[in-house]
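Undergrad: quick one: sequence and predicted model below, then my questions.
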Amino acid sequence: DQQVKQNSPSLSVQEGRISILNCDYTNSMFDYFLWYKKYPAEGPTFLISISSIKDKNEDGRFTVFLNKSAKHLSLHIVPSQPGDSAVYFCAAPNRDDKIIFGKGTRLHILP
Amino acid sequence: GAGVSQSPRYKVAKRGQDVALRCDPISGHVSLFWYQQALGQGPEFLTYFQNEAQLDKSGLPSDRFFAERPEGSVSTLKIQRTQQEDSAVYLCASTTRGLYNEQFFGPGTRLTVL
């Protein structure tokens, strides 16, 4: 039973446009969410997080939106750049403080 | 300062062999985690150390998996009698505070069991 779901295995976006990566979760006890970025042959790198008391958190080109009623969050990247091509993982710590990761979405930024 | 390092980066083992995977966390990081990432999946928690104490090993898939961190710094994940289903990337992460805030990951060790 997947508690964190990323239903799009891949996404292609034109350079300069907005990239929107989606994530759904099933555990209503989750109260903190993280996004990680992963390049090939490297470990995941923390990108941005959001607490459940907020519905938006912004850091430069990256914004995460949280819709608690829909159990949905999304990561927006504006404008998309070639270096943004990577795999993005949505994640949340469970009540035992273990991080539960989604399967990831591979983002391709097209020139 | 160096980040989290792992060795070897790639390991090929014959089924039944024992393997040892090493993790060097960021200096001063008290918390260390091991994850297993199968192909096409996200990382899955294996075990967690705070200093030398293994506080949680609930994610270890079988008793063939063993992890240690004897001096609270370098950690080793050992897999005995490897099986094909053990093939995965093994990731190590460390953090200085909390259990999950901004964990720093190493590049991983890709284990292939033939």
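TA: Received, thanks. Numbers count the residues shown, from 1 in each chain, chains lettered A, B, ... in the order given.
Undergrad: all contacts plus neighbour counts: C-alpha atoms, from now on.
TA: OK.
Undergrad: near chain B, which residues of chain A? Just list them.
TA: A:41-46, A:89, A:93, A:97-104 (CA under 8 Å from any CA of the partner chain).
Undergrad: just the buried residues of the residues you listed.
TA: A:43-46, A:89, A:93, A:98-104 (16 or more other CA atoms under 10 Å in any protein chain shown).
Undergrad: tell me the pLDDT at the most centrally placed residue in chain B?
TA: Nearest to the mean C-alpha position of chain B, counting by CA atoms, centre = their mean, stands B:Trp34 at 3.4 Å. At B:Trp34, the model reports a pLDDT of 96.
Undergrad: identify the farthest-apart pair in the residues of chain A next to chain B.
TA: By the measure CA to CA, A:Ala41 and A:Asp97 form the most distant pair in the residues of chain A next to chain B, at 26.5 Å.
Undergrad: can I get the CA coordinates of stretch A:68-76 in CSV?
TA: These are the backbone C-alpha positions of stretch A:68-76, laid out as CSV (Å, rounded to 0.1, in the frame of the first residue of the first chain):
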residue,chain,number,x,y,z
LYS,A,68,-4.8,18.9,2.7
SER,A,69,-8.4,18.3,2.0
ALA,A,70,-7.5,16.6,-1.3
LYS,A,71,-4.3,15.0,0.2
HIS,A,72,-2.4,16.5,-2.7
LEU,A,73,0.7,18.5,-3.1
SER,A,74,2.5,19.9,-6.1
LEU,A,75,5.9,21.3,-6.9
HIS,A,76,6.1,24.2,-9.4
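Undergrad: hang on, the earlier thing: could you look up the SS state of the residue nearest to the centre of chain B?
TA: strand (DSSP: H, G, I helix; E, B strand; the rest coil).
Undergrad: around chain A, pick out the residues from chain B.
TA: Checking chain B against chain A by CA under 8 Å from any CA, the hits are B:40-45, B:91, B:99-100, B:102-108.
Undergrad: mind checking which of the residues you listed are buried?
TA: B:42-45, B:91, B:99-100, B:102-108.
Undergrad: now intersect the residues you listed with the strands, please.
TA: Those of those mapping onto strands are B:44-45, B:91, B:104-105, per DSSP state E.
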